[in-house]
Structure formats: structure tokens, C-alpha cells
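[1] curious how this folds, go ahead:
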Amino acid sequence: MLRSLIGLLFTAALLASGVPAPEKTPPELPILMYHDVKTEGAGKDAVTPQELEEDLRWLRQEGYTAVTMAQVLDYVDEGQPLPEKPVMLSFDDGQLSFCEYALPLLEKYDMCAMLAVVGSYADEFSASGDVNPAYAYMSWEKLAQLSRSPRADLAAHSFGLHSLHPRCGAAPMRGEGREEYRAMLFSDLRKLNFRFGAAMGRAPRAFVYPFGQYNAVSEEALRDAGYLFTFTCEEKRNELRRGGGFFALGRFNRPAFVPREEFFARALTD
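    Numbering: from 1, shown residues only. Below is the predicted model:
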């Protein structure tokens, strides 16, 4: 109590003297990266439903609150407070397993997550009508339904760059000039924005780099295209500074079978 009173008196004295009070340390936003949720074949890019549920239960018990991109924008742009221990959950690629397994668990534990959509996969499964959650991806119709849920934030994961050949994700190819590379990125974004607009009536505002491949030119191009967030695969926590941007955000990949305490100690507390 005495320490708090001294702190208040010190701050008041600084304000009275015209010296600005020291800024608070910006909050950190750790982002957890999931991919598929599978009852069989879990591994580096897939967890089991049981593992996901235990993760969400642990986060709730430890006082973490999942936040949306809108909440982050409101904090930075308007000063709206964030929860004491914010965390963002992300699911890459747009597998149908998200609806089958993850969404009910997000409801159960009052959580939300970002889902990164690969446009060409959504095209393929819109045409095929295949709805096997063991391997299928969401159709545009399913994504449109999901976009109305408060539990899901939809983001772009490129239209057709989620492959290692002929380029690695959104990386430039050898010998590709700056303007040629930018034109390639804009062409891909136009296709994806068109599909998003047709299905959901709006373009995405976040881009998740396939395989985490990004560079200064891609960041500039995405800003020019109106994107407000970009996400990488770099394992780092993110400082949320008022007036700052949300580009090249780090995420911690959650593989199966790694002890929960070990993973969360690295992602949340180290």
C-alpha cells in the first residue's frame, strides 16, 4: 500500500513539474500457431482434439484470454483495454477439421481463433463437395457460414502460393525483379480478395505468410494492398505499441506430443 501511494505521489509530482510520466511497458501478445486437428496421424502440424482441449483448459486456468484482431486494433487505435493476459490462437490452411473439432472447443472454453484460408484449397473442395474431416478443406460456403461466428477471424493464407515449387510460399524466385515480384503478389491477392468478397462480402485484412516466407518488398506490397496484419512463423512474442503496426508478427508452432508445460513455458513465459 505504501509503495503504491509513493508511486502515485511521484507520478503526480512529475505531471505537476511538466515532466511526462514514464510510459507503461507495452503489453505482449503471444500467438499460438495450430494447423490440423486429427484423431489419427497427429504430429508436427496436427494435434489431437484431446490435446487441443487440454491446451484451452490450461489457458483458461492460467488466466489467459483469447483476443481477436478487432480487439487488438481497438487497443492500439482507441486505447480500449486488453485483458490482463491476452493470447491469440491461429489455425493455418482452413481444414474442415477446424469446424469439426476446434470450433466446439472454442465455444466450450469461451475462446476465439484466427483461421488462415488458402483460396485454391477452398476452390477445390467447393467443386468436389468432399466433407471428410480427416483431410478435407472448407468450401467457400462453409467459410461464409464460419465468418458469422464470433469464434472465428478469417485471414488470407494466399490464393495459390501454399506450395514449395516453383517458389517457396510467397518468397521471390531467383532472378525475379522487384516489380515482377510485386505484380505476382498483387495478382494472387486479387484472386483471393475476389473470392472473399463473393463469399463473405468483404476482403481479408490479415495475411498469413505461407511457410513464413516474407521480406521487405512483400511487407510493403501488403500494406499497399490495404492489409492491416501480417503473420510469420518466427517464434517470438509481439509488443503492442500504441500507434504501431501489426506486421511480421511472430507465432509459436504447437506440435503434437510436446509436453504442454514445456511448450507454454517457451511460448508464454520465457
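
[2] contacting residues around residue 42?
    With contact set as Cβ atoms under 8 Å, 6 or more residues apart in numbering, residue 42 has these partners: 48, 51, 256-257. Placement of C-beta: from N, CA and C, glycine included.

[3] now with 7 Å?
    The neighbourhood of residue 42, defined by Cβ atoms under 7 Å, 6 or more residues apart in numbering, consists of 48, 256.

[4] where's residue 96 relative to residue 111, distance?
    Note on residue 96: its distance to residue 111, by Cβ to Cβ, to the nearest Å, is 19 Å.

[5] do residue 187 as well
    Relative to residue 111, residue 187 is positioned 35 Å away (Cβ to Cβ).

[6] okay, those two: which has more neighbours?
    Neighbours were counted for residue 187 and for residue 111 using other Cβ atoms under 10 Å; residue 111 has more, 20 against 11.

[7] next up, phi/psi of the residue nearest to the more buried one when sequence neighbours are not counted, please.
    Of all residues not flanking residue 111 in the chain, residue 66 sits nearest, at 4.2 Å (Cβ to Cβ, 6 or more residues apart in numbering). As for residue 66, its main-chain torsions (degrees, to the nearest 10) stand at phi -70, psi 140.

[8] so who does residue 66 touch?
    If you count contacts by Cβ under 7 Å, 6+ apart, residue 66 has them with 87-89, 111-113.

[9] a helix runs through residue 264, doesn't it?
    Yes: looking at residue 264 with DSSP: H, G, I helix; E, B strand; the rest coil, it is inside a helix.

[10] in three-state terms, label the closest residue to it other than its chain neighbours for me.
    Nearest residue to residue 264 in three dimensions, chain neighbours excluded: residue 58, at 6.8 Å (Cβ to Cβ, 6+ apart). Assigned by three-state DSSP, the conformation of residue 58 is helix.

[11] residue 58 against residue 260, yeah?
    Yes: counting by Cβ atoms under 7 Å, residue 58 touches residue 260, with 5.9 Å between them.

[12] so for stretch 250-261, what gets flagged as buried?
    Using 16 or more other Cβ atoms under 10 Å as the test for burial, stretch 250-261 gives 250-256.

[13] so where's this protein uncertain?
    Scanning the chain for pLDDT under 70 picks out 1-24, 243-244, 270.

[14] quick one, longest helix in it?
    Counting residues, the longest helix found in the chain (DSSP state H) is helix 178-200.

[15] residue boundaries of the helices in this structure?
    Using DSSP H, the helices of the chain run over 2-17, 49-61, 69-78, 97, 103-108, 119-128, 140-146, 178-200, 216-224, 260-264.

[16] which other helices and strands contact the shortest one?
    Secondary-structure packing of helix 97 (3 or more Cβ pairs under 7 Å, 6 or more residues apart in numbering; DSSP states H and E): no helix or strand packs against it.

[17] how about the contacts made by the spatially most central residue of the chain?
    Nearest to the geometric centre of the chain sits residue 90, at 4.4 Å (Cα atoms, centre = their mean). Residues near residue 90 by Cβ under 7 Å, 6+ apart: 31-34, 113-114, 116, 231, 251.

[18] which of the residues you listed fall in strands?
    Judged by DSSP state E, the subset of the contacts of residue 90 located in strands is 31-34, 113-114, 116, 231.

[19] which of these has the most neighbours?
    residue 231 (27 neighbours).

[20] would you mind measuring from it to residue 124?
    Applying Cβ to Cβ to residue 231 and residue 124 gives a distance of 23 Å.

[21] same check, this time on residue 35
    Using Cβ to Cβ, residue 35 is found at 18 Å from residue 124.

[22] so which of these two has more stuff around it?
    residue 35 (21 against 14).

[23] the more buried one against residue 93, yeah?
    Yes: judged on Cβ under 7 Å, residue 35 makes contact with residue 93 at a distance of 6.0 Å.

[24] so what would you say the end-to-end distance of stretch 209-216 is?
    With Cα to Cα, to the nearest Å applied, stretch 209-216 spans 13 Å between its terminal residues.

[25] I would like the residues contacting that stretch, please.
    Stretch 209-216 is contacted by residues 157-158, 161-162, 168-171, 230-234, 248 when judged by Cβ under 7 Å, 6+ apart.

[26] sweet, I'm off.
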